[in-house]
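> Build me a model:
(chains A and B)
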Amino acid sequence: MEAGEAKSKKAGGSRLCCICNQRRPVLKRPKTLQQICRECFYEVFEEEIHQVIVGNRLFKSGERVAIGASGGKDSTVLAYVLSELNRRHNYGLDLFLLSVDEGITGYRDDSLETVKRNEVQYGLPLQIVSYKDLYGWTMDEIVKMIGLKNNCTFCGVFRRQALDRGAALLKVDKLVTGHNADDIAETVLLNILRGDIARLSRCTSITTGEDGPIPRCKPFKYTYEKEIVMYAYFKKLDYFSTECIYSPNAYRGFAREFIKDLERLRPRAILDIIKSGEDFRIATTTKMPEQGTCERCGYISSQKWCKACVLLEGLNRGLPKMGIGRPRGSGNDQKDTKARSTAKSIESKQCGSLDF
Amino acid sequence: MQLTLEFGGGLELLCDSEKIHKVNVDLPNGADSDDFTMKHLLSWVRTNLIKERPEMFMKGDTVRPGVLVLVNDCDWELSGQLDTVIEDKDVVVFISTLHGG
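Below you'll find the predicted structure:
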């Protein structure tokens, strides 16, 4: 009798799924604290994403859409769910997988194998673009030159452009990425911690870059990372899961740690942070950067040269610190401008840096 | 008691890159089989299976935030987390979510 009770207590007790009231619950949703069974979980998970897509008018019928695929949990689940919803609800989309090879041995080469398997498993054509081809540098080479600090700055900037280039090659109308609610909450916090008001005002938009080369959207904006992982686990989806070998020093790690601790205490916090980010209003007296184009490559930029060009110039001239960090007060700037080359004098300022 | 422990999401790297471990766990002296909970199991795992960087797996008494735990394919949040009673032949899965997507 006792053993039976103990077992049933472990299985969620005599409680049944909140939604169907028939099956044994397997998951407690962080978003709603509901206890639901596997089948209902699949349903609400997929339906909620469908509602986000439709409610935010993310796609138009006939569009060619590239899915930023790294072989990781978010992009694999995204590819799976998006192709399923495309079929089920007749979005009329032409879907592609787009992968970026940063040239990180032992990390990227393994995850690319996963994307190649995804190509076969989901029947979506795959395009791979590499840093080596686009910029002449792999991340391994970059790290050898600049050390283990600030690598993520290079990689993030280069990857953003790489995705746009890949999207242009595929001639797609839109890019989708698997950024989830946890990611976006982390980004909101990061931007607050850095005083990056310009980015703060953009980072919660579900669609960005509509005025740039390729608009990109995030259907998982309100989807919890925990649910993505559970979905992949129950559906036995094939994904690659190792921390990038260069990431331990990334600043984002601190925001992530904090968000995870918060989630444990109050799971709703993640969505609430996103809401706070969405509802932020910038004071009209704050000076915001203006958007223009890079003089060197024509890419979208708020400075004379886009960040990627500044970073590349630094790499090619053996000046790894170029484009990294904030310039100091106005006095130093004067001295620096005289001492450095013209390229350095138009070094990008961090968005949100105070102007005196 | 015989248990099957699985490690995913990169956690396998902490246990000699083995994803699945079939183990035999001895109950603490004098303890009832009803008393063996996840709390005891975690302690056992940290001592016996985690070969490096234990801070990636545990924080204090419980798993590091961001590590999901499933007992017999069921979220441990439903069974009381650390108070979940573990029985013979149970399957416990640890999945880390702390990596790129």
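
> Show me the residue sitting in the middle of the chain in space.
Using chain A. Within chain A, the residue whose C-alpha comes closest to the C-alpha centroid is A:His179; the distance, by CA atoms, centre = their mean, is 4.0 Å.

> hmm, I had chain B in mind actually
The central residue of chain B, meaning the one whose C-alpha is nearest the mean C-alpha position (CA atoms, centre = their mean), is B:Leu42 at 5.1 Å.

> ok, that residue touching B:Lys59?
No. The criterion here is CB atoms under 8 Å, and B:Leu42 misses it with B:Lys59 at 10.8 Å. For the C-beta atoms, the positions are set from N, CA and C on the backbone; glycine is no exception.

> Are there residues contacting both of the two? Which ones?
Residues touching both B:Leu42 and B:Lys59 by CB atoms under 8 Å, 6 or more residues apart in numbering or on different chains: none at all.

> What does the pLDDT read for the residue in the stretch 1-150 of chain A that chain B sits nearest to?
With CB to the nearest CB as the measure, A:Asp74 is the residue of the stretch 1-150 of chain A nearest to chain B, at 2.6 Å. The pLDDT attached to A:Asp74 in the predicted structure is 95.

> what number of residues lie near it?
By other CB atoms under 10 Å in any protein chain shown, 27 other residues sit near A:Asp74.

> contacting residues around it?
A:178-180, A:183, A:220, A:225, A:228, B:101.

> Can you list phi and psi of the closest residue to B:Leu11 other than its chain neighbours for me?
Beyond its immediate neighbours in the sequence, the residue positioned closest to B:Leu11 (CB to CB, 6 or more residues apart in numbering or on different chains) is B:Ser96, lying 4.8 Å away. Here the main-chain torsion angles of B:Ser96 (degrees, to the nearest 10) amount to phi -90, psi 140.

> low-confidence ranges in chain B?
For chain B, residues meeting the criterion pLDDT under 70 lie at B:30-31, B:33, B:101.

> Sort out for me which of the contacts of A:Asp74 are in helices.
Taking DSSP state H, the ones among those that sit in helices are A:183, A:225, A:228.

> Leaving out the residues flanking it, which one is nearest to B:Thr4?
Nearest one to B:Thr4, counting by CB to CB, 6+ apart, is B:Val91 at 4.6 Å.

> swap in B:Cys15?
Computed as CB to CB, 6+ apart, the closest residue to B:Cys15 that is not its neighbour in sequence is B:Leu49, at 4.9 Å.

> just A:Ser61 next, same as before
Using CB to CB, 6+ apart and skipping residues adjacent in sequence, the residue nearest A:Ser61 is A:Gly92, 3.5 Å away.

> Help me confirm that the one you found comes into contact with A:Val65.
No. Taking CB under 8 Å as the contact criterion, A:Gly92 and A:Val65 are not neighbours in contact, 10.5 Å apart.

> Specify which residue of the two has the higher count of neighbours.
Neighbours of A:Gly92 and A:Val65, each counted by other CB under 10 Å, are more numerous for A:Val65; the result is 24 against 11.

> Can you tell me the element that one falls in?
strand A:64-68 (DSSP states H and E).

> tell me which parts of chain B are close to chain A?
When proximity is defined by CB under 8 Å from any CB of the partner chain, chain B lies next to chain A at B:8-10, B:13, B:34, B:64-66, B:68, B:70-75, B:77-80, B:84-85, B:87, B:93, B:95-101.

> What about those residues, which are in strands?
Under the assignment DSSP state E, these contribute B:8, B:68, B:70-71, B:93, B:95-96 to strands.

> want to throw those residues into JSON lines with neighbour count?
Below are these laid out as JSON lines (neighbours: other CB atoms under 10 Å in any protein chain shown):
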{"residue": "B:Gly8", "neighbour count": "21"}
{"residue": "B:Leu68", "neighbour count": "21"}
{"residue": "B:Leu70", "neighbour count": "21"}
{"residue": "B:Val71", "neighbour count": "23"}
{"residue": "B:Val93", "neighbour count": "22"}
{"residue": "B:Ile95", "neighbour count": "22"}
{"residue": "B:Ser96", "neighbour count": "24"}
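
> biggest separation within the residues you listed, which pair?
The largest distance within those, taken as CB to CB, falls between B:Val71 and B:Ser96 and amounts to 16.6 Å.

> so what's A:Thr223 up against?
So A:Thr223 contacts A:45, A:48-49, A:180-181 (CB under 8 Å, 6+ apart).

> and chain B, which of these contact it?
Residues shared between those and the neighbourhood of chain B are A:Asn180 [CB under 8 Å from any CB].

> Show the contacting residues for the closest residue to A:Ser70 other than its chain neighbours.
Using CB to CB, 6+ apart and skipping the chain neighbours, the partner closest in space to A:Ser70 is A:Ser111 (5.8 Å). Neighbour list for A:Ser111: A:70-72, A:240, A:242 [criterion: CB under 8 Å, 6+ apart].

> Likewise for A:Glu227?
With the criterion set at CB under 8 Å, 6+ apart, A:Glu227 makes contact with A:27, A:29-31, A:41, A:45.

> Restricted to strands, list those.
Counted as lying in strands by DSSP E, out of those, are A:Leu27.

> ok, so of the contacts of A:Glu227, who is nearest A:Arg88?
Distances from A:Arg88 to the contacts of A:Glu227, taken as CB to CB, are shortest for A:Phe45 (13.2 Å).
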